[in-house]
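A.B. asks: Fold the following.
(one chain, ligands or ions: 2)
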Amino acid sequence: MARRIMHIDLDAFFVSVEQAENPELQGKPVVVGGRPEGRGVVASASYEARAFGLHAGMPLTTATRLCPQAIFIEGSFAKYRDASQRFMAILADFSPFLEPVSLDEAYLDVIGFESIYGSIHQMAAKIKQRIKNELGLCASVGIASCKVVAKVAAELSKPDGLLEVAAGKERSFLAPLPIAKLPGIGKKTGRILNGLGINTIGKLSTMPPSALKSHFGASGELLWRYANGIDDREVEPPGAAKSISRETTFGKDTRDHRQLQATLRYLSERVGAELRQQGKPARCVTLKLRYADFTTITRRHTLKQATNTDQTIFDTGVKLLKRELSLGKQPVRLIGIGVSSLVELGRQLDMMDSSAQRQEQLNRAIDRIRNKYGFTAIQTGRTLLLKDIFPENEGGYTLHTPSLSR
Ligand code: TTP
Ligand code: MG
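C.D. replies: Ligands and ions are numbered 1, 2, ... in the order given. Here you go, the predicted structure:
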């Protein structure tokens, strides 16, 4: 029997939370993403603001120029996290097979529960209604036999949409859409495909998979399968996170090594604390830099032995940073650090040498104090420099962009 999977995504999430709280904002061009004179980017734009060309990722200065009458809101990450938890709790009432993808997005495998509601369409309508009544938010829902088609359907139905693709109609549903609508096709892949004369998902689906493989490697074949509406990924309720990262944009682009390293140290400590909380060490460390002209690079290093200590994350990040800065590129606009390839602790522990174990104990002791007295209660020499750069708050420093780890 064909599977039935829902993809649910909230419309203009951050903005809609603000509008639900303050009805005066409804029906107006609203942007969440910091103050317009700041250097941040648009995180979320209301559909009224999108009519002026505003979109996520656009520098706020550009947004202000295109739509001077827009209302800019700095936003509060804690509020969105709270709304997200309530959103996921509603979904969990409908099926235990729930996979949150980001704060405002999830897959739900309904496997038979739809019969309670009459049909899957009615079930989706009920979900939308509860989200509206309880959170004051609009959700768009896509329904299909696999994840990728459900996601495209939800996206296409926005805002406040509900779109079901019948089993067997996956290919014909996708075929007329431009390739950019297919998950996994970013700007770069899109440009290459357009260069090859492939503009629609239908055209992509008729390419020989081997040709796509030679252009894009393993992901070429995956693209071909998605284009054909073939996707056997299951809806996976979460175990632990697969990766953890923190990043921030500077108030002013910088080449100052001390400032870059101090910020990297702070972000490494944040990542390390989260990693220890999850109870799993990680093997890969990734540095992310965005330069003044917005080009963004990531550099990854795989450790011989998994780690959960701030020092190792930081040391690895600094090595990658130094190598990158030695190339003498432009000033840095954004810096981030992340870890991935998390491993089960049981297998790892007895392999740790004693100095790594001491490091971990020390880190855990610091975590306990910080949980009680705040992040800045204990500072390493390096991060003290940040006092002059970022304002302090109870939880640590207020970075210029909320650290979204996803
Ligand atoms: P999205 O679901 O991509 O965007 P959205 O909910 O604002 O709008 P829609 O789904 O209707 O197209 O992202 C969810 C939230 O994640 C968004 O409200 C803000 C945050 N976000 C960022 O902070 N930065 C980003 O670049 C993006 C894309 C989203
Ligand atoms: Mg959304």
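
A.B. asks: What is the burial count for Pro68?
C.D. replies: Neighbour count for Pro68, taken as other C-beta atoms under 10 Å: 10. C-betas here are computed from N, CA, C, even on glycine.

A.B. asks: Can I take it that it is in a helix?
C.D. replies: No - under DSSP: H, G, I helix; E, B strand; the rest coil, Pro68 falls outside any helix and is assigned coil.

A.B. asks: For it, report the pLDDT, please.
C.D. replies: Pro68 is assigned a pLDDT of 95 by the prediction.

A.B. asks: Distance-wise, check it relative to Thr62.
C.D. replies: Look at Pro68 and Thr62: by C-beta to C-beta, to the nearest Å, they are 12 Å apart.

A.B. asks: can you give me phi and psi for Arg4?
C.D. replies: Backbone torsions for Arg4, taken as degrees, to the nearest 10, come to phi -130, psi 120.

A.B. asks: quick one: contacts for it?
C.D. replies: By C-beta atoms under 8 Å, 6 or more residues apart in numbering, the contact set of Arg4 is Asp109, Val110, Ile111, Glu114, Ile120, Ile143, Ala144, Ser145.

A.B. asks: Now, the residues you listed that are in strands?
C.D. replies: Counted as lying in strands by DSSP state E, out of the contacts of Arg4, are Asp109, Ile143, Ala144.

A.B. asks: What is the burial count for Ala106?
C.D. replies: Applying other C-beta under 10 Å, we find 22 residues neighbouring Ala106.

A.B. asks: Contacts only, for the residue nearest to it when sequence neighbours are not counted.
C.D. replies: Nearest residue to Ala106, sequence neighbours excluded (C-beta to C-beta, 6 or more residues apart in numbering): Pro100, at 4.7 Å. When contacts are counted by C-beta under 8 Å, 6+ apart, Pro100 touches Ser84, Met88, Ala106, Pro238.

A.B. asks: ok, back up a step: will you turn the ones in strands among the contacts of Arg4 into TSV that also has distance to ligand 2?
C.D. replies: Supplementary listing: those in TSV, determined by distance: C-beta to the ion, whole Å:
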residue	distance to ligand 2
Asp109	20
Ile143	17
Ala144	18
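
A.B. asks: For the residues you listed, pick the one with the most neighbours.
C.D. replies: Going by other C-beta under 10 Å, Ala144 tops these with 29 neighbours.

A.B. asks: Ile5 is in contact with that one, correct?
C.D. replies: Yes - in this structure, Ala144 is within contact of Ile5 by C-beta atoms under 8 Å, at 6.2 Å.

A.B. asks: Quick check: neighbours shared by the two?
C.D. replies: Among the neighbours of Ala144, those also in contact with Ile5 (C-beta under 8 Å, 6+ apart) are Ala150.

A.B. asks: which helices and strands sit right next to the longest helix along the chain?
C.D. replies: If you go by DSSP state H, the chain has its longest helix at helix 257-278. With contacts taken as 3 or more C-beta pairs under 8 Å, 6 or more residues apart in numbering; DSSP states H and E, helix 257-278 sits against strand 243-254, helix 310-325, strand 332-342, helix 354-373, helix 381-384, strand 396-397.

A.B. asks: Out of those, which one sits most buried?
C.D. replies: For the helices and strands packed on helix 257-278, the largest average neighbour count (mean count of other C-beta atoms under 10 Å) is found in strand 332-342, namely a mean of 22.

A.B. asks: Off-centre distance for that strand?
C.D. replies: Computed by C-alpha atoms, centre = their mean, to the nearest Å, the separation of strand 332-342 from the middle of its chain amounts to 13 Å.

A.B. asks: In PDB, list the C-alpha atoms belonging to it.
C.D. replies: Extracted C-alpha coordinates of strand 332-342, given in PDB (Å, rounded to 0.1, in the frame of the first residue of the first chain):
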ATOM      1  CA  VAL A 332      35.200  38.400   7.600                       C
ATOM      2  CA  ARG A 333      31.500  39.100   8.000                       C
ATOM      3  CA  LEU A 334      30.300  36.000   9.700                       C
ATOM      4  CA  ILE A 335      32.000  33.200  11.600                       C
ATOM      5  CA  GLY A 336      30.600  29.900  12.700                       C
ATOM      6  CA  ILE A 337      31.600  26.500  14.100                       C
ATOM      7  CA  GLY A 338      29.800  23.200  14.100                       C
ATOM      8  CA  VAL A 339      30.300  19.600  14.900                       C
ATOM      9  CA  SER A 340      28.800  16.500  13.200                       C
ATOM     10  CA  SER A 341      29.300  12.800  13.100                       C
ATOM     11  CA  LEU A 342      28.100  12.300  16.700                       C
END
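
A.B. asks: mind checking how far Thr64 is from Gln26?
C.D. replies: 21 Å.

A.B. asks: Please list all residues in contact with the closest residue to Leu321 other than its chain neighbours.
C.D. replies: By the measure of C-beta to C-beta, 6+ apart, the closest residue to Leu321 outside its immediate chain neighbours is Leu287, 5.8 Å from it. Residues near Leu287 by C-beta under 8 Å, 6+ apart: Leu264, Thr298, Arg299, Arg300, Gly317, Leu320, Leu321, Glu324, Ile335, Gly336, Ile337.
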